[in-house]
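[1] From the sequence below, what's the structure:
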Amino acid sequence: MALRLVVLRALGLGDLLTAVPALRALARTYPGHERVLLAPEPLEPLLELLGGAVHHLADVRGVREPPRALPAMAQGANVAVNLHGRGPQSTALLRAARPARLIAFGEQTAWREDEHEIERWCRLLGAAGIPADPGDLDLRPPAGPAPHAGATVLHPGASAPARRWPAERWAEVARAVPGPVVVTAGPGEEDLARTVARRSGAAVFAGGLRDLAALVAGASRVLCADTGIAHLATALRTPSVVLFGPTSPARWGPPRERGEHRVLWAGRHGDPNGASPDPGLLSLQPRDVLEAMA
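    As a prediction, this is how the structure comes out:
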């Protein structure tokens, strides 16, 4: 019977990208195992950019609440790793799958609330005897020509209203940016992207996740809020300006040693999943973004 390693990270794009150093560390430690990522199916196109760290993706979703069940291939794994959260629900779910070895917070390692997301998972693996390098973030750009090469990519959306800067401010930035601007949208954000594009004369980009990665890889810069595409820019080393509102960039921002990225934050904390734009985010103005670009 083949050896199998399963990793639970049933969250979004940015969550997966902050776990890349941990996934690569597991691949180095368990080169002979079939490595399965338990994550949402729409993220599967990213696997080819990870350089073989993950072999397969099994569709598991748990963005707003812990996953309710795991697929059959998670049962009886040789190693199960919880990169989903602190537990206890997600850890209990993996434990119920009866792996030979379970790596998770709360087993022997304590969770730290103020830790950067990248450092968090590397520390968990280090405590389990698996060395992980937090700097091992880079993705391999998709093969082939990049769409809209050299354009500025502007992503106005975010998964929660608390992290969505007003469309009219994004449009003002887009009008002032030199050269072509391409506005991108995640699922359900199409109307927002069209609004920004209509008010600024920018183009709207339509494509899947692999196409989005190619777009970001060939862009001159990325302008966005604290959301998944910011982590994509970090992983592809495309310069970026990222607007933070309720969450500190010390927890989710690009690593400080990557000087091609700029973060804007008013220094206020709040609910990252709030139902209205965060006051700290609203304190940022278009001139702040343009100055950060310069």
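
[2] Every contact and neighbour count from this point should use C-alpha atoms.
    Noted.

[3] ok, Ala230 - contacts?
    Contact analysis of Ala230 by CA atoms under 8 Å, 6 or more residues apart in numbering lists 14, 222, 224, 240, 242.

[4] Hmm, Ala225 and the first one touching each other?
    Spelled out, it's Gly14. No - taking contacts as CA atoms under 8 Å, Gly14 lies outside contact range of Ala225: 11.8 Å.

[5] quick one: which of the two has more around it?
    Remark: of Gly14 and Ala225, Ala225 carries more neighbours, 24 against 16, as counted by other CA atoms under 10 Å.

[6] Identify the residue nearest the more buried one in space, chain neighbours excluded?
    Excluding the flanking residues, the one nearest Ala225 by CA to CA, 6 or more residues apart in numbering is Leu243, at 4.4 Å.

[7] Adjacent strands (with direction) for the helix or strand in which that neighbour is found?
    Per DSSP states H and E, Leu243 falls inside strand 240-244. Paired with strand 240-244 in the same sheet, following DSSP bridges, are strand 221-225 (parallel), strand 261-265 (parallel).

[8] Provide the contact partners of the helix or strand just after the last one at residue level.
    Spelled out, that is strand 261-265. From strand 261-265 onward toward the C-terminus, using DSSP H and E, the following helix or strand is helix 279-282. Residues from elsewhere that reach helix 279-282 (CA under 8 Å, 6+ apart): 163, 165-166, 243-246, 265-269.

[9] Which of these are buried, as a PyMOL select command?
    Typed into PyMOL, the line below selects the buried ones among the contacts of helix 279-282, using 16 or more other CA atoms under 10 Å:
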select buried, resi 163+165+166+243+244+245+246+265+266
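
[10] of all the contacts of helix 279-282, which comes closest to Cys122?
    Phe244 (23.7 Å; CA to CA).

[11] for the closest one, which residues make a bridge with it?
    Taking DSSP bridges as the rule, Phe244 bridges to Trp265.

[12] How about the contacts made by it?
    163, 225-226, 263-266, 281.

[13] Low-confidence stretches in the protein?
    Along the chain, the model assigns pLDDT under 70 to residues 1.

[14] domain assignment for it?
    What automatic domain parsing lists as the domains of the chain is 4-127, 152-293.

[15] can you tell which of these is closest to Arg140?
    domain 4-127 (4.8 Å).

[16] That closest one: how far from the chain's middle?
    With CA atoms, centre = their mean, to the nearest Å as the basis, domain 4-127 stands 14 Å off its chain's centre.

[17] now do stretch 137-152
    With CA atoms, centre = their mean, you get 17 Å for stretch 137-152.

[18] quick revisit: can you put the contacts of Phe244 in JSON lines and add distance to Ala104?
    Below are the contacts of Phe244 laid out as JSON lines (distance: CA to CA, whole Å):
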{"residue": "Arg163", "distance to Ala104": "29"}
{"residue": "Ala225", "distance to Ala104": "30"}
{"residue": "Asp226", "distance to Ala104": "26"}
{"residue": "Val263", "distance to Ala104": "31"}
{"residue": "Leu264", "distance to Ala104": "33"}
{"residue": "Trp265", "distance to Ala104": "32"}
{"residue": "Ala266", "distance to Ala104": "34"}
{"residue": "Leu281", "distance to Ala104": "34"}
